[in-house]
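Visitor: Build me a model from this:
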Amino acid sequence: MEYKYRIATHEDMDGLQKLGLNAYGQFKEVLTDENWIKLHASLTNENMYPNLLAKSVCYVCETGEDIIGMAFFISNGNPTDIFQADWAYVRMVGVHTAFGGNGIGKRLMEKCIERARETGEKIIALHTSEFMDAARHIYENMGFKQARQLEAMLGKRYWLYLLEL
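Guide: Below you'll find the predicted structure:
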């Protein structure tokens, strides 16, 4: 199967949302009904992807006409409650469940790291959860180090990871 990687555009909004529902929908079984409702509401919020796309470079993987992988790279200067102003960070790394295990998530992360190096970033941050084992494995193998445990989200443990460039 041939995979194509490119930068997403606003025309990709529906495909990004569809992928988000699939990629993060796999966690429905490990969340309480109440927390799944919260996650689902976030994934279907009409402003989430436009807001992320407005402040990021979103790398996508596609096969044919379908987006099967995504990762949003956000440059420093966009602080949140979790991410410091001088850090770049990665959000919403997701791979369609039918394509997991093919190196797509790793390749999307490599693209984010390449972008960070090209733009002179010093630190890339991300957060991930106890139920995202495949993602944690990828991040740790790429050199991300667990910096600290975050406040619980969706009733689960989350950690902040950093990669110094």
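
Visitor: Which neighbouring elements make contact with the lowest-mean-pLDDT helix or strand in the chain?
Guide: Lowest mean confidence among the helices and strands of the chain (mean pLDDT, DSSP states H and E): helix 133-141, at a mean of 93. On a contact count with 3 or more Cβ pairs under 8 Å, 6 or more residues apart in numbering; DSSP states H and E, helix 133-141 meets helix 104-118, strand 123-129. In this view, the C-beta of every residue, glycine as well, is placed from N, C-alpha and C.

Visitor: okay, the ones you listed, which one's buried deepest?
Guide: Among the helices and strands packed on helix 133-141, ranked by average contacts under mean count of other Cβ atoms under 10 Å, first place goes to strand 123-129 (a mean of 21).

Visitor: Which parts of the chain are helices?
Guide: Using DSSP state H, the helices assigned to the chain run over residues 13-25, 33-44, 48-54, 104-118, 133-141.

Visitor: now those in a markdown table, with distance to Gly155?
Guide: Shown next, in a markdown table, are the helices of the chain (distance: least, Cβ to Cβ, whole Å):
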| stretch | distance to Gly155 |
| --- | --- |
| helix 13-25 | 15 |
| helix 33-44 | 5 |
| helix 48-54 | 20 |
| helix 104-118 | 24 |
| helix 133-141 | 17 |
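
Visitor: closest to Leu165 out of the ones you listed?
Guide: helix 104-118 (5.9 Å; Cβ to Cβ).

Visitor: Residues contacting that closest one, please?
Guide: 3, 5, 57, 59-61, 68-71, 73, 88, 90, 93, 95, 124, 134-135, 138-139, 141-142, 163, 165 (Cβ atoms under 8 Å, 6 or more residues apart in numbering).

Visitor: who's in contact with the residue lying closest to Met13 once chain neighbours are set aside?
Guide: Counting by Cβ to Cβ, 6 or more residues apart in numbering, Tyr49 is the residue found nearest to Met13 once chain neighbours are left out, at 5.3 Å. Residues near Tyr49 by Cβ under 8 Å, 6+ apart: 13, 16-17, 20.

Visitor: hmm, 6 Å instead?
Guide: 13, 16-17 (Cβ atoms under 6 Å, 6 or more residues apart in numbering).
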